[in-house]
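Peer 1: need the 3D shape of this:
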Amino acid sequence: MNRKSQTKHKPASPKRRNNHKTLIITSTTLLCILALCVMALSVFAMKKHALKDDESEQSAQIDPANDSKAPAGFSFIGTGDCIVDDTIYTYYEYYNGNREFAPIFEYTAQTVQPADLSFINLKTPIGGDSYGISGSPRYNGPLEMLNALNQTGFNWYGAASNHALDSGKDALINEVNYIRTTFPDASVSGASRNQEESGQPVIREINGIRVALISMTDSLGSNKLKAEDSWVIDTWHSDEGGIDYPGIKDRLSAAEAQSDVQIVSVEWGNEDDSSISDQQRELAAFLADQGADVILGSGPGVIQPVEYIQSGSGTTLCYYSLGNYLSAAQTRENLIGGMAAFNLNYDFATGTVSFNDVKFIPTVMYYTPSLNEFRTNTLQTYTDAMAANQYVTYVAGTDFSRDFVKTYVSGIMGSPENIQLVLD
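Peer 2: As a prediction, the model looks like this:
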C-alpha cells in the first residue's frame, strides 16, 4: 500500500492542535508497515531461492525425458553355438546344387523371426571363399551361410569365440564387415574391423530402449594375436589366464553410460561338461554386479542350467550354456541345444529391468546318415520319425527319441524357478 492511498482513506482531524501528533503517529505507522513489507519480501525471496535449489537438485537426479516415458519392453530369442562344419555345407551343396542354406533353419525360423532381438553365437568364423573355406580343426565357412542366418531372422551376431581366428584376422574382419554392410539392420559384437571401432559399445535401440550388446570369449584357442592387434576380438581373460576384472568393468561401464539395458554373451566353461564351473559362477556374479541384465553363455558344446542372480545391481537372468544350435556333431549331447526366450521390461522412470514369459526351449540338430538333409529343430518340430533316421542313431545305435531329449534336458535343467522348460 502506498502513501497516497493511506492519505486518501485517513479520517480528517477534528482539531488543528492535534495535527502534529497525528502526523507523528502516521509516520510511525508508515515506518512499521514498510518494515513489515521488507521482512515479507525477504522471506518470500528466501523461500523462492530454496525452491529453485530444490528444483535444481531434483532435475539433477531425474532425467525429465526418461521420466515422461511410459515403461516399454521387447521380446528376445537367443541360440547357442553355430558351428559351420564343412560336412554341412559341402554335402548340402552337393545334393542341392546351390548354397541356399536357408532350408536348414526352416523349422526354427518360425520361433526366431517374431522376436524383436534374436541372437546367435558364431562359434566358427564365416569369412568366405577368399580365405579358404574349411572344417575342423581350423574352420571357415562360406558367406552364403550368413545370408541364410539373416533370412532365418537373426539380427544380433556374437563373433567372439575360441575359433574366431582360425582363418586369420582378415577373415574375421571380413565376416564382421559383411554383416555390417549386407545387413545394416543387424548388429555384430565381440569383434571389430579397426581399433577405433573396438572402443565403441554396440548399442541397439528397441522400442525406445537403448540396449548394449556385448560379446566376450575366454580364449583364442591355439590362435595368437600380436599385441598391437588385441583390438580385433573381445576377451574376458587376463594374461595370466584368470578373469580380467578391470577390463570387464571398463567395458560394461562404457556400455552402461550409453544404454538402458546391457546383455552379455560370453564363452566359458569346460568342454562337454553340463555342470557349471566355479569360474563360471565367479564371472557371472561379477558381470551381474557390474550391471549386466542378461548373460547368454556358450562354449561347452552342451546345455547347462539357467537361473536368476541377485546382486547389488538388481536381478540378472543367466543362461549358463545354450549348447550347440548348428553342428555335425556325432554325440547326442552335442546335438541338443537350447533357446533363451523372454520378454524384457524396462521402466524409464526408475531405471529398473524385469522379466516375464521366461523360457528354455530345447533344440535338436538333425541330419541323415546319407548326409543329404540337415535341419535345426525345436523339440516341437523334432519327431520320432526323424529320430529313427538320425545320423547318430544309425551310426551308434543310440536312442535319440523325443522322450530321450525330454529326459536329458530335464535332468540338466532341473526345475528353475519362474522359468518354463518347453518340453511339449
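
Peer 1: ok, Gly299 touching Glu267?
Peer 2: Yes - here Gly299 reaches Glu267: they are 3.9 Å apart, a contact under Cβ atoms under 8 Å. From N, CA and C alone the C-beta is placed, and that goes for glycine too.

Peer 1: need the contact list for the closest residue to Lys169 other than its chain neighbours.
Peer 2: Of all residues not flanking Lys169 in the chain, Val232 sits nearest, at 5.4 Å (Cβ to Cβ, 6 or more residues apart in numbering). By Cβ atoms under 8 Å, 6 or more residues apart in numbering, the contact set of Val232 is 165, 169, 172-173, 191-192, 198, 225.

Peer 1: and Val232, how far is that from Gly199?
Peer 2: 13 Å (Cβ to Cβ, to the nearest Å).

Peer 1: repeat for Leu220
Peer 2: 20 Å.

Peer 1: and those two? Which one has more around it.
Peer 2: Leu220 (19 against 11; other Cβ atoms under 10 Å).

Peer 1: which residues touch the more buried one?
Peer 2: 162, 164-165, 233, 235.

Peer 1: at 7 Å what do you get?
Peer 2: By Cβ atoms under 7 Å, 6 or more residues apart in numbering, the residues touching Leu220 are 162, 165, 233.

Peer 1: scan those residues and report the most crowded one.
Peer 2: Per-residue neighbour counts (other Cβ under 10 Å) across those peak at Ile233, which has 25 neighbours.

Peer 1: the residue nearest to Ser327 when sequence neighbours are not counted: neighbour count?
Peer 2: Nearest in space to Ser327, with sequence neighbours left out and distances taken as Cβ to Cβ, 6+ apart, is Ile83 at 4.1 Å. Neighbours of Ile83 under the rule other Cβ under 10 Å: 25.

Peer 1: equivalent analysis for Arg138, please.
Peer 2: By other Cβ under 10 Å, 17 other residues sit near Arg138.

Peer 1: and the closest residue to Ala396 other than its chain neighbours, helix, strand or coil?
Peer 2: Among residues not flanking Ala396 along the chain, Gln330 sits closest, at 7.5 Å (Cβ to Cβ, 6+ apart). Following DSSP: H, G, I helix; E, B strand; the rest coil, the label given to Gln330 is coil.

Peer 1: gap between Gln330 and Thr87?
Peer 2: Between Gln330 and Thr87 the computed distance is 10 Å (Cβ to Cβ).

Peer 1: of these two, which one has the most company?
Peer 2: Thr87 (18 against 12).

Peer 1: now the strands for the stretch 201-350 of the chain?
Peer 2: 202-206, 209-216, 261-267, 294-298, 303-311, 314-322, 324-326, 336-347 (DSSP state E, counting those that start in this stretch).
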